[in-house]
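Engineer: I would like to see how this sequence folds:
(chains A, B and C)
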Amino acid sequence: MANAPRPMFDTETLVINMGPQHPSTHGVLRVVLRLDGERVVDCDVVIGYLHRGIEKLSENRDYTQIVLLTDRMDYVAAATNNLGYCETVEKLMGLEVPRRAKYIRTILAELQRIASHNVWLGTHAMDIGAVTVFLYNIRERELILDLFEEYCGARLTYNSMRVGGLPLDIPAGWDRKVREFCRIQEEKLVDYELLLTHNRIWLERTRNVGVISGPDAIAIGLSGPPLRGSGVARDVRKDEPYAAYDELEFDVPVGATGDTYDRYLVRLEEFRQSIRIIRQALDGLPEGPIVGKVPRLIKPPAGETYHAIESPKGELGYFIASDGKSTSPYRFRVRPPSFCNLQALRQLVRGHLVADVVALIGSIDVVLGEVDR
Amino acid sequence: MASGRLTKAAHGAAREGAARGDGAPPATEPGSGAEPRLNMIDIVIIPLLKIVIVFVAVLFGVAYLVLLERKVQAWVQVRLGPMRVGPHGVLQPIADALKLFVKEDITPARADKWVYTLAPMISLVPALIVFAVIPFGGTAHLFGKTVPLFVADVNVGLLYIVSVASIGVYGLILAGYASNSKYPLLSSLRASAQLISYEVAVTMTLVSLILMAGTLSMVGIVEAQRQAGLWYVFAQPLAFFIFLAGGLAETNRAPFDLPEAEQELVGGFHTEYSGMRFAFFFLAEYANMIVVSSVATTLFFGGWLAPFPNVHALAFLGLVPGWIWFLLKVFCFLYLFLWIRATLPRYRYDQLMRLGWKVLIPLAIANVIVTGAVKVLL
Amino acid sequence: MVEAFAFYSLAAFILGFAVLVITARNTVHSVLFLVANFLFVAALYVVLHAEFLAVIQVLVYAGGIVVLYLFVVMLVNLKRPPEAHADPRRRGRLGLAVAGLLLAQLVAVLGYSATQAVPAAAAAATAPAGGNVEAVGWLLYTDYLVPFEVASMLLLVAMIGAIILAKREL
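Structural biologist: Purely as a prediction, here's the structure:
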């Protein structure tokens, strides 16, 4: 410790294991805290409890099968994972995706962002003690799950995209239901804000907690809402547009101080921007085929590529190397946003209290399926 | 002579919370004629009966308070809550109790076994014996007898409540210590720091109440409110709010439920407890909620008095028995507790301490000074 | 009869717990016995009709001060015993001296109470129920005002001293 040793009392730090079985580590994260009273002196983040070897498995599956595996990384935003993977393969093969497919993909991805943010807000608020918000959020997420169920039959792991397009067109009347959902979600956002945004306790719990400056955030490699919360306007959807984002209008919200409250505000605003994107995409939904010209056997030419999209958690990148002979990737690698964002935890929690640790884990929004893969 | 001793014995019984003082000696006194026999009924049977009734009622109330909490929270959260056991889940508390009874009672390895067993009792007993001095009503006429609706009217009733409540802290500290586990230890430190800090503020508000009423007796305070024709909540709104905040903190209720912050400290000081011992802590917490609500009702909302005694149009309200008014008021408080829990996030430890020491305690002291000054000047 | 019975049984408990306090191996147990001891002393006050004193005994000693003891005992690492003084017989001699002092005091008190009538203050403190609180308050703020204020100053000094000792930087 930086402080000079006290003359009369020698104190010990208390080492405490938060997780892997703990109500608020969002799965199986283990954080080894070193405490001085209730203040965190240091912490180690231990991961790997959910490692399933998805990257290695992918090297033995053909390109269509891998879509299934990507579902199981960020399981609260499976469609986003599908999207990132399919686009990477398309980029590697130089495939053109029909516009209608691009639009539907965008809608699915944004619905998924809302679903993921709903899970985030609910669990984050519950970690800070506001249990009711959690149930409200889960209620709205349920509507999204219903929409997905109607679209592809699955509620959690969708397998909802294919290389070169989509497996299914949207069912009749689905767009109307999505619009209805957008209206409900917009209304309910006001509820969440009433419960939290100006709540004195919420402000005290989140303001100036876990402050990280813009340059620091970039140095650690943060992406997504945590980076934007620190005032860096980086959004893959804007900076390197994919799917239909270059044709749609939306803003990238940024925070000012980079504390937990800013990250909260950024994500809340992203709810609204996502709804805006979905509405535009539904309005401008073009007619046409949903699958491009895809060869029967997906066998990309020799080469490698990296492609990133903006998942709800941050920059989700796929690196795929193909040897040109096989129907499986030669090397498959994911840049999961949760994993990279989790790096910041140590720096964020130092000097804060135990109660802040759970708030900060929540504010980074990690999904352990994605961290461990 | 005998009667004087016996009342004292009854007092002692209430104080110790055990039947140690009341039973043996008076029962063996030779009963000669009808006169002493009548006395026996007045001073032994009736208090004993009252103790039993209050005890059972409190346990019953606690069980259903748990159900109420789950229901209210479910309604706030657009859920149904327990629905399976009995119609609308009304038998849920019984099922819960049965479950807790038959659950395995685990003592962690290397726990301090004696203290580990003692801790839940220490936290439950004070919560229950406080009810000895709470006046549930004025008097009732039963079988031609006039029976006061309280177990004991001790002349230091208010202090008795405060002091017994202060014993309850031991349950929490010892549970955390004896579990030989780090999360309970952390949480028991939080609990005791919180309780001790907020006790100061709460006691200060009580002082201003005592200044108003001029007595420490709970019955006396209600009587004083009747004579003044004023519920003290209107005379002492600040004291009421401090009492409410302190009461929430002392019962470890949201937004001050840090010692049991499930999301931070897993379960709190009772993390390692299971079965009946866990149930004891649970009972104690909810019994304490009822205590705080009852004390708030007695001190600030006129106890068993009917509202608007001065308005003639509302005189029919006086027809309702006092104890119903009392229970109604207590229920409103309990509902408030549950409502707050369903709405607010949780404070952080340092913020809680800051609020206690830098806001509530100075405010409470200022309130005492102002009350005293007004009292002297008027 | 009843009073005597209550007194002697309570006194037995008090003495028993007092012995346990000093013989218990585990410090936390020792503190717990101390609490039990205080509670029985409070019960003794009740037998003496001094309800106010009993309640204050529980509130201040059992509920306040000993909680802090417990804090300290729980948090301080007692695995390593404090270093014994170089002279092993020092403790024995010190103990003997303190015991002698206590004995002298007891004898003095006994002798004094045997010769004197019950002083007014004691009578007031054990006055019948009702006047109890007022009587104590009255005495504290009139006859014993100066000692009372001095005591509170002493506590304040102790508090500030503790803060200065414990605080790393002011």
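
Engineer: Quick one: name whatever helix or strand follows whichever strand or helix holds A:Cys86.
Structural biologist: In the assignment (DSSP states H and E), A:Cys86 maps to helix A:78-93. Sequence-wise, the next helix or strand downstream of helix A:78-93 (DSSP H and E) is helix A:99-127.

Engineer: Can you tell me the SS state at the closest residue to chain B within chain A?
Structural biologist: Proximity to chain B, evaluated over chain A using Cβ to the nearest Cβ, is greatest for A:Gly129 at 2.7 Å. To be clear about C-beta, it is placed using only N, CA and C from the backbone, and glycine gets the same treatment. Three-state assignment for A:Gly129 (DSSP: H, G, I helix; E, B strand; the rest coil): coil.

Engineer: The closest residue in space to it that isn't next to it in sequence: how many residues sit nearby?
Structural biologist: Spatial nearest neighbour of A:Gly129, excluding adjacent residues (Cβ to Cβ, 6 or more residues apart in numbering or on different chains): B:Arg346 at 2.7 Å. B:Arg346 is flanked by 29 other residues according to other Cβ atoms under 10 Å in any protein chain shown.

Engineer: Look up how far A:Ala125 lies from B:Arg346.
Structural biologist: Taking Cβ to Cβ, to the nearest Å as the measure, B:Arg346 falls 10 Å from A:Ala125.

Engineer: what about B:Val233, which helix or strand?
Structural biologist: Using DSSP H and E, B:Val233 sits within helix B:232-235.

Engineer: tell me the mean pLDDT for that helix?
Structural biologist: Per-region confidence: helix B:232-235 scores 81 on mean pLDDT.

Engineer: Buried residues, that helix. List them.
Structural biologist: Buried residues in helix B:232-235, counted by 16 or more other Cβ atoms under 10 Å in any protein chain shown: B:232-233, B:235.

Engineer: Tell me who's in contact with the residue nearest to the spatial centre of chain A.
Structural biologist: When Cα atoms, centre = their mean is applied to chain A, the residue found nearest the centroid is A:Lys313 (2.5 Å). Counting by Cβ atoms under 8 Å, 6 or more residues apart in numbering or on different chains, A:Lys313 touches A:74, A:77, A:116, A:224-225, A:336-338, A:341, A:365-367, A:370.

Engineer: from what I can see B:Trp231 touches B:Ala224, true?
Structural biologist: No. Using Cβ atoms under 8 Å, B:Trp231 is not in contact with B:Ala224, being 10.9 Å away.

Engineer: Tell me the confidence at A:Lys177?
Structural biologist: pLDDT, A:Lys177: 90.

Engineer: Same check on B:Lys8?
Structural biologist: At B:Lys8, pLDDT is 39.

Engineer: What of A:Arg141?
Structural biologist: 90.

Engineer: do the same with B:Gln351
Structural biologist: 84.

Engineer: same deal with A:Leu108?
Structural biologist: pLDDT, A:Leu108: 90.

Engineer: residue contacts, it?
Structural biologist: A:79, A:83, A:148, A:151, A:160-161.

Engineer: Pick out whichever of those residues sits closest to chain C.
Structural biologist: The closest of the contacts of A:Leu108, once distances to chain C are taken by Cβ to the nearest Cβ, is A:Ala79, at 51.6 Å.

Engineer: Pull the number of nearby residues for that closest one.
Structural biologist: Residues lying near A:Ala79 (other Cβ under 10 Å) number 30.

Engineer: doesn't A:Ile114 make contact with it?
Structural biologist: No. Counting by Cβ under 8 Å, A:Ala79 sits too far from A:Ile114 to count as a contact (11.4 Å).

Engineer: low-scoring stretches of the chain, by residue?
Structural biologist: Answering for chain A, as no chain was given. For chain A, the stretches with pLDDT under 70 are A:1-11.

Engineer: Switch to chain C, please.
Structural biologist: C:77-87, C:116-132, C:168-170.

Engineer: Quick check: residues of it near chain B?
Structural biologist: C:1-3, C:5-6, C:26, C:28-29, C:32, C:35, C:39, C:43, C:46-47, C:49, C:51-52, C:54-56, C:58-59, C:62-64, C:67, C:70-71, C:74-75, C:129-130, C:132-133 (Cβ under 8 Å from any Cβ of the partner chain).
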